[in-house]
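K.L.:
3D, please:
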Amino acid sequence: MPYFDAASSAPLHPVARQALQASLDEGWADPARLYKEGRRARLLLDAAREAAAEAVGCRADELVFTTSGTRAVHAGVAGALAGRRRVGRHLIVSSVEHSSVLHAAEVHEADGGTVTQVAVDRAGAVTPQAYAAALRPDTALACLQSANHEVGTVQPVAEVADVCREAGVPLLVDAAQSLGWGPVVGDWSLLTASAHKWGGPSGVGLLVVRKGVRFAPQGPADERESGRAAGFENIPAIVAAAASLRAVQAEAAEEAVRLRELTDRIRARVPEGVGDVEVVGDPVRRLPGIVTFSCLYVDGETLLHELDRSGFSVSSGSSCTSSTLTPSHVLKAMGVLSEGNVRVSLPSGASAEDVERFLQVLPGAVAGVREKLGAPAPETAVRGDSLVVDAVGKLCPIPVIELAKVIGDVPVGGTVRVLADDEAARLDIPAWCAMRGQEYVGEEPADQGSAYVVRRLA
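P.N.:
Numbers count the residues shown, from 1 in each chain. Below you'll find the model as predicted:
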């Protein structure tokens, strides 16, 4: 069964498995002890730290191992903010950061700090100018992912780092998605990553704090990992993480060319075979193995189940995959369709044959979901020169389906008012207009939910 969700977690790399098994017998003792078993464990830990630091491009004494990438983010954000508390309590993040960064920002804001979210363009990228505009005299820290986890867009980290450095503000880079492809370029100050993203074992994260960066670890003091990551080190997992990081980086250049050709094929053929599809994310500045697209008139969760039954493991950023029915914050920030969203993230070694079979299966799966949804006949009424569609109480993507059914019933220049109380409609109706060449006039209050006004242009 082809596994196409490597951006969530990559399969264990063969080198990681070998290193894990080899170190289980040698790395079980306490590396802080002076007897031979402890010294042996310390040698393994030190060697893993040296290897990981070389792969990151930092000094070994700047890198500590944490229990996860999320823990590394939380420790890095909290420690950097605390270290620069005298400067101020202003934090800058992009609107498409991983939830671990945004959750850390929420905690900071709840504690009295201030947060600025930098907007992105429709491809999901920030600009250095936007970060420069967000900087203030009281800015303590800025955060920016190296590449987006949902759409693969690579961020201008080096340029943003220069802007922050000139202002004297440290930049924390979440490199979880990109580190397996190579070191993050630029004069960044802090970096975090997670081993399971590059084929290492889960439960190992990296936190790098450059020399000279003011940093105050939060929480009870702990003697391990320079006081920045509490708890007993899982040495076998750490050794496997470092070994696999070096291995995947050594393979990265050749594998990047191969996977990019496969994802380029998906980007080109999905719109041809499916129709009413928007491929999202930057077409050039993106990670090699990720391609994401959104299908109109499709429920993302249902489509994922159909693909799973056909033997393909993919993921979705659509709101319907969440128990809260909240649209993906990444897609929302980009202003693209949140429903019917599919992310294909190819693992190392993914075959062209599997990709070709996916491209053959996908059109039928989408058509089947669209047929099953078969939106009920829309309830419409005419008010003056405006057609009203009552979609109150109907969840994604029904409001958009009903809009699409009636847009041809109004003359060019006429309007359709869609009444809806599903939060996703606030994003999906404007996105539909952008995809279909219609004008989104705006949102108006209604007795229930909101009225979304669309003007027919063609």
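K.L.:
can you list the weak-confidence ranges in this protein?
P.N.:
Of all residues in the chain, those with pLDDT under 70 make up the ranges 317-326, 375-386.
K.L.:
How is it divided into domains?
P.N.:
With automatic domain parsing as the criterion, the domains of the chain are listed as 14-248, 252-373, 380-455.
K.L.:
could I get those as TSV with mean neighbour count and distance to residue 6?
P.N.:
Heads up, the C-betas are built off the backbone N, CA and C, glycines and all. Putting those into TSV (neighbours: other C-beta atoms under 10 Å; distance: least, C-beta to C-beta, whole Å) gives the following:
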stretch	mean neighbour count	distance to residue 6
domain 14-248	20	8
domain 252-373	20	4
domain 380-455	19	27
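K.L.:
what's the closest of the ones you listed to residue 2?
P.N.:
Ranking those by proximity to residue 2 (C-beta to C-beta) places domain 252-373 first, at 4.1 Å.
K.L.:
how long is that closest one end to end?
P.N.:
Its first and final residues considered, domain 252-373 spans 42 Å by C-alpha to C-alpha, to the nearest Å.
K.L.:
Is it possible to get TSV of the domains of the chain that adds distance to residue 8?
P.N.:
Shown next, in TSV, are those (distance: least, C-beta to C-beta, whole Å):
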stretch	distance to residue 8
domain 14-248	8
domain 252-373	6
domain 380-455	22
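K.L.:
Determine which of these approaches residue 5 most closely.
P.N.:
Among these, the nearest to residue 5 by C-beta to C-beta is domain 252-373 (4.8 Å).
K.L.:
From the rest of the structure, what touches stretch 121-135?
P.N.:
Outside stretch 121-135, the residues that touch it by C-beta atoms under 8 Å, 6 or more residues apart in numbering are 92, 94, 96, 116, 118-120, 142, 144, 148, 150-151, 153-156, 159-160, 162-164, 167, 169, 280-283, 285, 330, 333-336.
K.L.:
could you redo the last one with a cut-off of 6 Å?
P.N.:
Surrounding stretch 121-135, the residues in contact under the criterion C-beta atoms under 6 Å, 6 or more residues apart in numbering are 92, 94, 96, 116, 118, 120, 148, 151, 153, 156, 159-160, 163, 167, 281-282, 334-335.
K.L.:
Check stretch 185-205 too.
P.N.:
With contacts defined as C-beta under 6 Å, 6+ apart, stretch 185-205 is touched by 9-10, 13, 16, 66, 68-69, 71-73, 76, 80, 157-158, 161, 165, 170-176, 179-180, 206-210, 213, 237-238, 240-241, 244-245, 248.
K.L.:
What about these, which are in helices?
P.N.:
Mapping those onto helices (DSSP state H) picks out 16, 69, 71-73, 76, 80, 157-158, 161, 165, 237-238, 240-241, 244-245, 248.
K.L.:
mind exporting stretch 204-213 as CSV, just the C-alpha atoms?
P.N.:
Presented in CSV, the C-alpha positions along stretch 204-213 are these (Å, rounded to 0.1, in the frame of the first residue of the first chain):
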residue,chain,number,x,y,z
VAL,A,204,13.6,12.9,19.4
GLY,A,205,13.8,16.6,18.7
LEU,A,206,16.6,19.1,18.2
LEU,A,207,17.0,22.5,19.7
VAL,A,208,19.9,24.7,18.6
VAL,A,209,20.7,28.0,20.4
ARG,A,210,23.6,29.9,18.8
LYS,A,211,26.3,31.3,21.0
GLY,A,212,25.6,34.8,22.0
VAL,A,213,21.8,34.5,22.0
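K.L.:
ok now it, how far from the chain's centre?
P.N.:
Offset of stretch 204-213 from its chain centre (C-alpha atoms, centre = their mean, to the nearest Å): 21 Å.
K.L.:
Likewise for stretch 300-314?
P.N.:
The chain centroid and the centroid of stretch 300-314 are separated by 20 Å, computed with C-alpha atoms, centre = their mean.
K.L.:
Output that stretch as PDB, nothing but the C-alphas.
P.N.:
Output for stretch 300-314, consisting of C-alpha atoms alone and laid out as PDB, is shown next (Å, rounded to 0.1, in the frame of the first residue of the first chain):
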ATOM      1  CA  GLY A 300     -11.900  16.100   2.100                       C
ATOM      2  CA  GLU A 301     -12.500  13.400   4.700                       C
ATOM      3  CA  THR A 302     -14.700  11.300   2.400                       C
ATOM      4  CA  LEU A 303     -12.100  11.600  -0.400                       C
ATOM      5  CA  LEU A 304      -9.400  10.400   1.900                       C
ATOM      6  CA  HIS A 305     -11.400   7.400   2.800                       C
ATOM      7  CA  GLU A 306     -12.000   6.600  -0.800                       C
ATOM      8  CA  LEU A 307      -8.300   6.900  -1.600                       C
ATOM      9  CA  ASP A 308      -7.500   4.700   1.500                       C
ATOM     10  CA  ARG A 309      -9.800   2.000   0.200                       C
ATOM     11  CA  SER A 310      -8.000   2.200  -3.100                       C
ATOM     12  CA  GLY A 311      -4.700   1.600  -1.300                       C
ATOM     13  CA  PHE A 312      -3.300   5.200  -0.900                       C
ATOM     14  CA  SER A 313      -2.400   6.900   2.400                       C
ATOM     15  CA  VAL A 314      -2.600  10.600   1.900                       C
END
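K.L.:
ok, now which ones touch residue 433?
P.N.:
Contacts were defined as C-beta under 6 Å, 6+ apart; by that measure residue 433 touches 440, 454.
K.L.:
swap the cut-off to 8 Å and go again
P.N.:
For residue 433, the contacting residues are 439, 440, 454, by C-beta under 8 Å, 6+ apart.
K.L.:
Name the secondary structure element that contains the last one.
P.N.:
So the one you mean is residue 454. Counting by DSSP states H and E, the element that carries residue 454 is strand 450-455.
K.L.:
same question, the second one
P.N.:
Secondary structure assigned from DSSP H and E places residue 440 in strand 439-445.
K.L.:
what does that strand rub up against?
P.N.:
The contact list for strand 439-445, computed with C-beta under 8 Å, 6+ apart, reads 415, 417, 426, 429-430, 433-434, 450-457.
K.L.:
Please enumerate the helices of the protein.
P.N.:
Counting by DSSP H, the helices of the chain are 14-24, 36-56, 69-83, 99-110, 128-134, 157-167, 235-274, 300-309, 329-334, 352-373, 398-406, 425-436.
K.L.:
Could you export those to TSV, including columns for distance to residue 202?
P.N.:
As requested, the helices of the chain are arranged in TSV below (distance: least, C-beta to C-beta, whole Å):
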stretch	distance to residue 202
helix 14-24	11
helix 36-56	16
helix 69-83	9
helix 99-110	14
helix 128-134	32
helix 157-167	25
helix 235-274	8
helix 300-309	22
helix 329-334	22
helix 352-373	24
helix 398-406	37
helix 425-436	32
